[in-house]
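**Student:** Sequence and predicted structure below; questions after.
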There are 2 protein chains.
Amino acid sequence: MVVTPGNAAEPCRGCDARALSVCSVIEDKDLCRLASLTHVEAVEPGREFITEGDPADDFFNITAGTAKLFKMLADGRRQITGFAQIGHFLGLAARNRYSFSAEAVDRVRLCRFSRPRLRRLLDDYPAMERRLLDVASNELVAAQEQMLLLGRKTAVERVASFLLGQMAHGGLRGGSPRVIHLAMGREDIADYLGLTIETVSRSFTRLTGDGAIVRHEAANIEILSLDRLRSLAGEGG
Amino acid sequence: MVVTPGNAAEPCRGCDARALSVCSVIEDKDLCRLASLTHVEAVEPGREFITEGDPADDFFNITAGTAKLFKMLADGRRQITGFAQIGHFLGLAARNRYSFSAEAVDRVRLCRFSRPRLRRLLDDYPAMERRLLDVASNELVAAQEQMLLLGRKTAVERVASFLLGQMAHGGLRGGSPRVIHLAMGREDIADYLGLTIETVSRSFTRLTGDGAIVRHEAANIEILSLDRLRSLAGEGG
DNA sequence: CGTTATCTTGACGTACATCAAATGTCGTGG
DNA sequence: CCACGACATTTGATGTACGTCAAGATAACG
């Protein structure tokens, strides 16, 4: 599973995720050291690479693809707490066990850091610790937003908000600005929004009927009216 | 509103919250400097001291009482994202505007730090930044747990989980181990759990019927069977 | 003690879940 | 290229947990 990079000396220099991730604080001249600390891996779709409750020995940085982060109840009910994409840093646990599981949605590439190694890196680069605090703060803001969604929004509002969120992510990478490609299926969307697949599907249908979107192949959603979508999301009034 | 401490030189030394908060990383000899950076304030019940969208000029440290943190939708729907109690650090925003509001539940005492002053303090005490990262990580774990609750748990499971959480907090401070005093009313509990006050009330009634708890004055809940409460919370099977 | 706010209980409505079937999508092999 | 099967998504019919509306019960307060 471990993929040896083509150029063993400098896998980090050409990394697409670098500018988007905590690694951006490492200066060019020290990239070599950064590269020596990490293992690049590929994870096949459906494969779980973090398991809730396991010792949190490693940290991860997503460099390609999409992973889902989730928690489960004993009887199988699942809540996806977020999707991790390029540049996303994973594994902050505070305690020494993971508090969630992570599974690849499509083919994921990631860098794995061992906890003690990252600790040493943080000691040498205080700016990186600051950057991590920023990352954690942003995730906290996103988590609060999601609590509002899960606790108080209707099904249609949830799906509309989800699309707006996915658009924000897609916007970072190029691509046609009005068409969103969803890497995850309806079941993952449902488990992210606290709904069932049927209700998610019906909500897409209603958004279509309201003229906010058009579905192309279920995974490709075209935004017809951003204003209408915003209004249906319940945030912009 | 600003309360001048009795002993202006060292309000931090005798602070009840110090051991529980980020301030614990400051050595005794430097407490004087810490004290010079902060303003101690009292906030009356019902008073809002952070407003979502306002410039995030200050950080806060709760030293007594309970505050609720919340977000609202345009039409008045509200989601309480957490309750902040002694030792809780508030104001991490990443962007320069608050992403949530905060209001005192009962009488709150807090320390206010201006953003640039805290920044300088962090530069001098790298350990404090590390501590803040731990704090943020713990909050992230709690937020994920709450997402599971809001997205996938039933009303009774939510209320049982809430009581277990409040017990964990109450356990830190002395007091009778089996009786929980709830600082907040039913409306706040409902807005925290994504329910209505009626459903919260009915869930308390069901927990009572199941022999898990007894209500004394609506605000004082006695735990009769921790096992039964855990099982009803849906986590321990 | 009355007055008022908060909490509990009851009757009923509704948004979403569940169960079930139809339709669409995609990979595989004829 | 088309036929087939497996799986994902959509649509429909019905059930239910929780919300809404309304009335009592209880506690807080002057």
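**Tutor:** Everything's here; your move. Treat the numbers as computed from the prediction; the structure is a model and nothing was measured.
**Student:** Tell me how many other residues surround A:P55.
**Tutor:** Neighbour count for A:P55, taken as other C-beta atoms under 10 Å in any protein chain shown: 11. In this view, the C-beta of every residue, glycine as well, is placed from N, C-alpha and C.
**Student:** tell me the contacts of it?
**Tutor:** With contacts defined as C-beta atoms under 8 Å, 6 or more residues apart in numbering or on different chains, the neighbours of A:P55 are A:96-98.
**Student:** go again using 7 Å as the cut-off
**Tutor:** The contact partners of A:P55, by C-beta atoms under 7 Å, 6 or more residues apart in numbering or on different chains, come to A:96-97.
**Student:** Could you list everything it pairs with in the sheet?
**Tutor:** A:R97 (DSSP bridges).
**Student:** That one and chain B, how far apart?
**Tutor:** To chain B, A:P55 is 15 Å away according to C-beta to the nearest C-beta, to the nearest Å.
**Student:** likewise A:L226?
**Tutor:** A:L226 is 17 Å from chain B, by C-beta to the nearest C-beta.
**Student:** what's around that residue, how many residues?
**Tutor:** A:L226 has 15 neighbours, counted by other C-beta under 10 Å.
**Student:** do the same with the one 3 residues further on
**Tutor:** Neighbouring residues of A:L229 were enumerated by other C-beta under 10 Å; the total is 22.
**Student:** tell me the pLDDT at the closest residue in space to A:M72 that isn't next to it in sequence?
**Tutor:** Nearest non-adjacent residue to A:M72, counting by C-beta to C-beta, 6 or more residues apart in numbering or on different chains: A:R78, 4.9 Å away. As predicted, A:R78 sits at a pLDDT of 98.
**Student:** check contacts around A:R78.
**Tutor:** A:70, A:72, A:191.
**Student:** Next one: the closest residue in space to A:H39 that isn't next to it in sequence relative to A:L132, how far apart?
**Tutor:** Nearest residue to A:H39, sequence neighbours excluded (C-beta to C-beta, 6+ apart): A:R112, at 4.7 Å. The gap separating A:R112 from A:L132 is 16 Å, by C-beta to C-beta, to the nearest Å.
**Student:** ok, now A:G194?
**Tutor:** According to C-beta to C-beta, A:G194 stands 29 Å off from A:L132.
**Student:** What of A:C23?
**Tutor:** Distance, A:C23 to A:L132, by C-beta to C-beta: 11 Å.
**Student:** before we move on, what about A:A35?
**Tutor:** From A:A35 to A:L132 the distance is 19 Å (C-beta to C-beta).
**Student:** Next, name the residue at the spatial heart of chain A.
**Tutor:** Nearest residue to the geometric centre of chain A (C-alpha atoms, centre = their mean): A:A84, 1.6 Å.
**Student:** tell me the contacts of it?
**Tutor:** If you count contacts by C-beta under 7 Å, 6+ apart, then A:A84 has A:62, A:67, A:69, A:90 around it.
**Student:** Excluding chain neighbours, what is closest to it?
**Tutor:** Once flanking residues are discounted, A:A84 sits nearest to A:A67: 4.5 Å by C-beta to C-beta, 6+ apart.
**Student:** From DNA strand D, how far out is the residue nearest to the centre of chain A?
**Tutor:** Computed with C-beta to the nearest atom of the strand, to the nearest Å, the distance linking A:A84 and DNA strand D is 19 Å.
**Student:** where does chain A have low pLDDT?
**Tutor:** A:1-9, A:170-176, A:236-237 (pLDDT under 70).
**Student:** Point me to the residue of it nearest DNA strand C.
**Tutor:** A:T199 (3.0 Å; C-beta to the nearest atom of the strand).
**Student:** before we move on, which element is that residue in?
**Tutor:** Using DSSP states H and E, A:T199 falls within helix A:197-209.
**Student:** Is any residue of that helix near DNA strand D?
**Tutor:** Yes - residues of helix A:197-209 are located near DNA strand D by C-beta under 7 Å from any atom of the strand, namely A:197-198, A:200-202, A:204-205.
**Student:** quick one: terminal-to-terminal distance for stretch A:162-182?
**Tutor:** Length of stretch A:162-182, first residue to last, C-alpha to C-alpha, to the nearest Å: 11 Å.
**Student:** typo on my end, stretch A:22-35
**Tutor:** 14 Å.
**Student:** hmm, it touching chain B?
**Tutor:** No - Stretch A:22-35 stays clear of chain B (C-beta under 7 Å from any C-beta of the partner chain), getting no nearer than 11.7 Å.
**Student:** Show me what that stretch is in contact with.
**Tutor:** Contact with stretch A:22-35 is made by A:9-13, A:18, A:61, A:89, A:125, A:127-128, A:131-132, A:135, as judged by C-beta under 7 Å, 6+ apart.
**Student:** buried stuff in it?
**Tutor:** A:22-23, A:26, A:31, A:34-35 (16 or more other C-beta atoms under 10 Å in any protein chain shown).
**Student:** So which of the residues you listed sit within helices?
**Tutor:** Per DSSP state H, helices hold the following members of the buried residues of stretch A:22-35: A:31, A:34-35.
**Student:** circling back to that earlier point, of the contacts of A:A84, closest to A:T51?
**Tutor:** Nearest to A:T51 out of the contacts of A:A84 is A:L69 (C-beta to C-beta; 11.7 Å).
**Student:** A:E129 belongs to a helix?
**Tutor:** Yes - assessed with DSSP: H, G, I helix; E, B strand; the rest coil, A:E129 lies in a helix.
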